[in-house]
Every structure is written in structure tokens, then in C-alpha cells.
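> would you be able to build a 3D model of this:
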Amino acid sequence: MSKPPPELIEFLHAYKPSVQSIGLGLRQLVLEEMAPCHEYIFPMRSKVVLLYGSSEKVLADCVCSIAIFSRHATLIFHRGVDLTDQHHLLQGSGKALRHIRVEHLQELDRPELRVYLREARRRSPLRARRRTNPEDVVTRVKKTATRRSEFPRMF
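Below is the predicted model:
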């Protein structure tokens, strides 16, 4: 499928190889189920975040995301409260978000992950015919986190 951008590999450089594999494997799984889509990647304090949506406004129309932490990765459904949790894997108690924690590479082989991804896709604007062509994924990368000190002074 889609080769990871060099910036993502760079962001993951500080993580253990097992966590890198989980994060990249989860990305591959999401792209197989979500393409065509838009992907937005950025580092954020203690994690690397990958967002997936139907347009370049990924923050506004995000269907799911991946958060890669130092010991695990999390598959997040932004309207997870609406999903049918027949496999009882969704965690979280917020108004909308639900997530699935992935700690071992073997967990990516669970067919239930694809079931949740497919349902999230059906409920989103990504209803267009799925294709697995790498060109169907538009990837943007925010290279550095913005710090408060980088904003211009108003006074």
C-alpha cells in the first residue's frame, strides 16, 4: 500500500522497534480500509498522531486516528459512540470518542479491527468506493509542534 513518509519514520525514530512496527502496521490496516482518504501526521508532546478524513479538512471531518505512544498505539474512532460494539473492544466514556488499545503486533491480525473500521467508514463521508491505490491517499505532515513562544506578539 502506501509507503510511510520519511517524516513519519523520523518521528518514530525515538520509539522502540516493537512500537514502531505496531504504529506502522496499524497505519497500513487503516489505509487498506479507509482509502481513498486524507491523512494528516504530526508529533504531539508524548505521541505521534495520524488523522484520517474525507477531505483536506481532516481535523474537522476526522473519521478515525492513530496515536502512537511509547509503549502502545491506539486506534481512535471520533464518532465511536455511534459504532456497534458487538466485540466489546471499544474503550472510553466520553461524549463521542472511543478507542482500541493495541499493545502487540499480533493484535493487528484481529478481524474485529477491520469490522470497526468498515462501520466507521460507512457512517462517514468516506462512503465512496474503496480503492487500495496508494495515490488515493493524500498525506500531509506537520513537521514540528507549534510552541506558544512561536506565535507573534500582539502588543
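> just name the shakiest helix or strand of the chain by mean pLDDT.
Across the helices and strands of the chain, mean confidence by mean pLDDT, DSSP states H and E is lowest for strand 137-141: a mean of 92.
> that strand: which residues count as buried?
Neighbour-count burial for strand 137-141 flags 137, 139, 141 (criterion: 16 or more other Cβ atoms under 10 Å). To be clear about C-beta, it is placed using only N, CA and C from the backbone, and glycine gets the same treatment.
> which residue is the nearest non-sequential neighbour of the last one?
Excluding its sequence neighbours, the residue lying closest to residue 141 (Cβ to Cβ, 6 or more residues apart in numbering) is residue 7, at 4.3 Å.
> just to check, the one you found is in contact with residue 42?
No. Using Cβ atoms under 8 Å, residue 7 is not in contact with residue 42; the gap is 9.2 Å.
> roughly how far apart are residue 52 and residue 58?
Note on residue 52: its distance to residue 58, by Cβ to Cβ, to the nearest Å, is 7 Å.
> when those two are compared, which one has more neighbours?
residue 52 (29 against 21; other Cβ atoms under 10 Å).
> that one bridge partners, please.
residue 39, residue 64 (DSSP bridges).
> pretty sure it contacts residue 33?
No. With contact defined as Cβ under 8 Å, residue 52 does not reach residue 33; the gap is 9.4 Å.
> top helix in the protein by residue count?
The longest helix of the chain (DSSP state H) is helix 17-34.
> going by neighbour count, list what's buried in it.
For helix 17-34, by 16+ other Cβ under 10 Å, it's 19-27, 29-31, 33-34.
> all strands of the chain, in order?
37-44, 47-53, 62-68, 73-77, 98-102, 137-141 (DSSP state E).
> and the closest residue to residue 136 other than its chain neighbours, how far is that from residue 89?
Leaving out its chain neighbours, the residue that sits closest to residue 136 by Cβ to Cβ, 6+ apart is residue 36, at 3.5 Å. From residue 36 over to residue 89 the distance is 26 Å, taken as Cβ to Cβ.
> before we move on, back to that, alpha carbons of the longest helix of the chain, as CSV, please.
Extracted C-alpha coordinates of helix 17-34, given in CSV (Å, rounded to 0.1, in the frame of the first residue of the first chain):
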residue,chain,number,x,y,z
PRO,A,17,11.2,-1.1,17.2
SER,A,18,8.2,-3.1,18.5
VAL,A,19,6.1,0.1,18.9
GLN,A,20,7.3,1.4,15.5
SER,A,21,6.0,-1.9,14.0
ILE,A,22,2.7,-1.6,15.7
GLY,A,23,2.2,2.0,14.6
LEU,A,24,3.2,1.4,11.0
GLY,A,25,1.1,-1.8,10.9
LEU,A,26,-1.9,0.0,12.3
ARG,A,27,-1.4,2.7,9.7
GLN,A,28,-1.3,0.1,6.9
LEU,A,29,-4.5,-1.5,8.2
VAL,A,30,-6.3,1.8,8.4
LEU,A,31,-5.3,2.8,4.9
GLU,A,32,-6.4,-0.5,3.5
GLU,A,33,-9.9,0.2,4.9
MET,A,34,-10.2,4.0,4.5
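> many thanks, we can stop here.
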